[in-house]
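# Predicted model follows, preceded by the sequence.
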Amino acid sequence: MPYYSPEHLQSLSVNFIIGSGRSGTTLMTTVFNANPTVLAAPEVRLCMAFYQKYAHQNPVSATFAHDLANYINLVIGRKKATRKAHIWGTDIENSIFNNLDPAKLQQLDYANLYKLLQLNIEMPNKNNAEAQIIIDKNPDYTFYVEPLMRLFPDAKFVVMLRDYRSVVSSYKLHQGKRIESCVLNAFLWNKFNREIARLHAAYPSKIMLLRYEDLVQDTEKWVRQTCQFLNIGFDKAMLTPHQNLETQAQNLQNTEVTARDKKKIGELTKPINTSHLGAWKTRLTDQEITEIETLCAQTGSLFGYEPSKQLTTTDKLKVYLLNLPRLVLANITFWLLVKNYFYLPFNLRMLLIKYLKITR
């Protein structure tokens, strides 16, 4: 993959897809990637990974090349160990990532350096040289919108929303044999969407709210509106994004990635449909619905998601008391590893990745 001139990099616009997990952020990535003028790489967190150390530099110092190589080798090495290195078909192991020419850094500020790295992420069925717009999809960036706005003043953010019961139900369905609490996933949905409500109130012209339910029921209308919001030309291929992933899904059948990940790709190769709407009503138990609505109903009502139960104060207090240790631990973990993770010193994050296997 090539280097690009500073003039070319400067001409590219950058936008973001954010929102809580299981809310359709990956689906929107595939929608945008069906447009040849758009490059949307899923959850490669390069921008915020180096933001704290290098975003203020212009030009970026030569030490970035060393830090980038170490970071890529460490993160990709861990993904290889878990057989997830190429689950999305992305490839970031090329000469620019491992042997970035320090002389090139003398021509670039951090914003354009980030664009250069994104253009060197290989995606299936994409010619990155045609890209005019970069879209960075990262749910965790929900908590880093202001820094991203400072770096890219013209950036806009498409925020994916989804009914909190459907989100928790989806996690429950896809966690397989792993035992994880519905309370934890409901807690995280509430944190993400409270932040989304704050952002939308503060930056209404920069934030577009897109409900998953609306997208799958009237796909063309909402894809067109999203394109208009981001100033992207509409392409009919964006209505059938699954066709772009069919070959990749077939190739995965002969690889060693987990059955769960194969299933995830397999779902994306199906046409956009309404089959999952309301599935939470049969997937969740009555107790789980009580727990989820206790934690999420107030925030959910801000986005049109109304509770199915009339819970008393006693009902809610019982949920909090029974789950108090879990909620305290969840809050600590959230503040350290989600909301403030990219504000930690770069070297500390490298130690967390290396010794504790904590990668965001």
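That came through fine. Residues are numbered from 1 along each chain as shown.

# Tell me where the stretch 151-300 of the chain has strands.
Counting by DSSP state E, counting those that start in this stretch, the stretch 151-300 of the chain has strands at residues 157-161, 207-211.

# tell me which residues in stretch 281-298 are buried?
For stretch 281-298, a neighbour-count test (16 or more other C-beta atoms under 10 Å) marks 283, 284, 288, 289, 290, 291, 292, 293, 294, 295, 296, 297 as buried. All C-beta atoms are positioned from the backbone trio N, CA, C, and that covers glycine.

# Dump the residues you listed into CSV; add pLDDT and distance to residue 122 as well.
Shown next, in CSV, are the buried residues of stretch 281-298 (pLDDT from 0 to 100; distance: C-beta to C-beta, whole Å):
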residue, pLDDT, distance to residue 122
283, 93, 37
284, 95, 39
288, 95, 41
289, 97, 43
290, 97, 46
291, 96, 42
292, 97, 39
293, 98, 43
294, 98, 45
295, 98, 40
296, 98, 38
297, 98, 43
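
# my guess is residue 18 meets residue 155, correct?
No - using C-beta atoms under 8 Å, residue 18 makes no contact with residue 155, being 11.0 Å away.

# the more surrounded of those two?
Neighbours per residue (other C-beta atoms under 10 Å) separate residue 18 from residue 155, with residue 18 holding more: 26 against 20.

# Not counting sequence-adjacent ones, nearest residue to the more buried one?
Spatial nearest neighbour of residue 18, chain neighbours left out: residue 142 (4.4 Å); criterion: C-beta to C-beta, 6 or more residues apart in numbering.

# Helix, strand, or coil at that neighbour?
Following DSSP: H, G, I helix; E, B strand; the rest coil, the label given to residue 142 is helix.

# Now do the same contact list for it.
Counting by C-beta atoms under 8 Å, 6 or more residues apart in numbering, residue 142 makes contact with 18, 19, 20, 159, 192, 195, 196, 199.

# what secondary structure does the residue of the chain positioned farthest from its centre sit in?
Distance from the C-alpha centroid of the chain, by C-alpha atoms, centre = their mean, peaks at residue 314 (36.4 Å). Assigned with three-state DSSP, residue 314 falls in the helix class.

# residues contacting it?
Taking C-beta under 8 Å, 6+ apart, one finds nothing in contact with residue 314.

# now it: how far from residue 294?
11 Å (C-beta to C-beta, to the nearest Å).

# Could you list the low-pLDDT ranges of the chain?
Where the chain drops to pLDDT under 70, the residues are 1, 77-93, 175-180, 246-269.

# For the stretch 101-250 of the chain, just list every one of the helices.
102-105, 110-119, 145-151, 164-174, 182-202, 212-217, 219-230, 246-252 (DSSP state H, counting those that start in this stretch).

# just checking, residue 360 touches residue 45?
Yes - the pair residue 360 / residue 45 is scored as a contact, 6.1 Å apart, by C-beta under 8 Å.

# Now do the shared contacts for the two.
With C-beta under 8 Å, 6+ apart, residue 360 and residue 45 have common neighbours 140, 342.

# thought residue 15 was touching residue 159?
No - the criterion here is C-beta under 8 Å, and residue 15 misses it with residue 159 at 11.5 Å.

# any idea which residue sits dead centre in the protein?
By C-alpha atoms, centre = their mean, the chain has its centre lying nearest to residue 138, at 2.4 Å.

# Could I get the contacting residues of that residue?
16, 17, 18, 43, 45, 48.

# Now, of the residues you listed, which are buried?
With burial judged by 16+ other C-beta under 10 Å, the buried subset of these is 16, 17, 18, 43, 45, 48.
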